[in-house]
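Q: mind looking at a prediction? Sequence and model below.
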Amino acid sequence: MTLRAVPALLAVALSGSLSLAEDAAMPSPGPETETTGQPVGQPAPKLPDADQEALDLGRKVLAVKRAIANPGAPAAMPSVTNLGHDSRYYVMVRGWLKQQLSADQSIADARGKDTPKKIRDRISFLTKAIRAIDLE
């Protein structure tokens, strides 16, 4: 089943207009990958350059999101600095880090000594990450 077929099937399922006989007559979908909708073993279709760039940027943004959520991961700092050192995205990344740092510092100020270790670790990581993208 392709991703394009999902909205149509969802609409039919929600309307309740698909009988059990019709449901049984529908061919079962073949194995597909989550990201491409292509059958397993077949390469994804070639994207236009602009779409490929957007996909690459999206992956980098998601890597930064994962880095912020899990600052102790080995790939956390490289994920942030890779996107942060690109002058096109520096302001976005720095702003994102600064806003998260501000929120975490607010939590730490309010909780004092009861600040969760996760928040303290993230404050440390965000401070280092901002310095890393600012200085290089």
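A: On my side now, so go ahead.
Q: okay, domains of the chain per the record?
A: 1-44, 49-135 (automatic domain parsing).
Q: could you tell me the least trusted of those domains?
A: Sorting these by mean pLDDT places domain 1-44 lowest, at a mean of 50.
Q: center of this protein, which residue is that?
A: For the chain, Leu62 is the residue whose C-alpha lies nearest the centre (Cα atoms, centre = their mean; 3.0 Å).
Q: got a list of contacts for whatever helix or strand that residue lives in?
A: In this assignment (DSSP states H and E), Leu62 forms part of helix 49-69. Here helix 49-69 makes contact (Cβ atoms under 8 Å, 6 or more residues apart in numbering) with 47, 73, 75-77, 79-80, 82-83, 89, 93, 96-97, 100, 122, 125-126, 129. Every residue, glycine included, has its C-beta placed from N, CA and C.
Q: list buried residues within those.
A: Listed as buried from those are 76, 79-80, 82-83, 89, 93, 96-97, 100, 122, 125-126, 129; burial here means 16 or more other Cβ atoms under 10 Å.
Q: most widely separated two among the residues you listed?
A: Tyr89 and Arg122 (20.8 Å; Cβ to Cβ).
Q: on that earlier part again, save the buried ones among the contacts of helix 49-69 as CSV, and put in secondary structure too.
A: Converted to CSV, the buried ones among the contacts of helix 49-69 look like this (DSSP: H, G, I helix; E, B strand; the rest coil):
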residue, secondary structure
Ala76, helix
Ser79, helix
Val80, helix
Asn82, helix
Leu83, helix
Tyr89, coil
Val93, helix
Trp96, helix
Leu97, helix
Gln100, helix
Arg122, helix
Phe125, helix
Leu126, helix
Ala129, helix
